[in-house]
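Participant: Prediction below, plus the sequence it came from.
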Amino acid sequence: ALLARALPLHGDVQAALQDGFAATLTDLQQLRAILSDATGKLSLAFQSMLRQAHHQQAAARRLEGVHDAGAVREIQALADNTAGGSMLVVQGLQFEDMAAQLLQHVDRRLEWLAAFARDAAPLQTAVTGDIIGLTGADFAEVEARLADHQARVHQQKAVQQESLDEGEVELFGFSA
């Protein structure tokens, strides 16, 4: 009777472990894409801000002792561009938060996979026909633990975006 219950459950365990590892690999690929995207954006933002700072210094030197409306407008435009660059830096901070959340999710998934594999170990014994020491109550407990693991693994990830340009990201309690 136990063997008849163990065989289908054994197949379910194998499928769940394969699905769990595949989902974890997908999460890690998503994290790599987010990291690459954010690294490029931060690099561009810092380069832009550095250029703007040099232009502002040059404009300020030209203004020394002279009131020039054109130069003032130029400095204002440069300041506006610098503000735009700072938004890219904020986006980089959002990336850090997204990456941290995704890593926490991957850690939880890996913990689940380890617990699931550990709790599924008695099934291998039952499937090979060596049911010595495995009672009906023991088997029911294994089934219950595995069902609990399967329910927890399907919890939704906190991060759904593939890049920083997708969707809305909350940073420090504010949406950006």
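Facilitator: All right, it came through fine. Computed from a predicted model, the values in this text were never measured in an experiment.
Participant: make it CA atoms for all contacts and neighbour counts henceforth
Facilitator: Will do.
Participant: following the longest helix seen in the chain, which helix or strand shows up next?
Facilitator: Selection of the longest helix in the chain by residue count, based on DSSP state H, yields helix 2-63. For helix 2-63, the following helix or strand on the C-terminal side (DSSP states H and E) is helix 69-127.
Participant: now that following helix, how far from the chain's geometric center?
Facilitator: Chain-centre distance of helix 69-127: 5 Å, with C-alpha atoms, centre = their mean, to the nearest Å.
Participant: That helix - what's its average pLDDT?
Facilitator: Averaged over helix 69-127, pLDDT sits at 76.
Participant: now for it, which elements pack on it?
Facilitator: helix 2-63, helix 136-153, strand 170-171 (3 or more C-alpha pairs under 8 Å, 6 or more residues apart in numbering; DSSP states H and E).
Participant: among these, which is nearest residue 89?
Facilitator: Nearest to residue 89, of all the helices and strands packed on helix 69-127, is helix 2-63, at 6.0 Å by C-alpha to C-alpha.
Participant: ok, the residue most central in space within the chain to residue 39 distance?
Facilitator: Per C-alpha atoms, centre = their mean, the C-alpha nearest to the average position across the chain is that of residue 102, at 2.2 Å. Distance, residue 102 to residue 39, using C-alpha to C-alpha, to the nearest Å: 16 Å.
Participant: again with residue 46
Facilitator: 11 Å.
Participant: residues shared between the contacts of the two?
Facilitator: Residues touching both residue 46 and residue 39 by C-alpha atoms under 8 Å, 6 or more residues apart in numbering: none at all.
Participant: quick one on the thing from earlier: so the residue nearest to the centre of the chain touches residue 31, yeah?
Facilitator: Yes - between residue 102 and residue 31 there is a contact at 6.9 Å, judged by C-alpha atoms under 8 Å.
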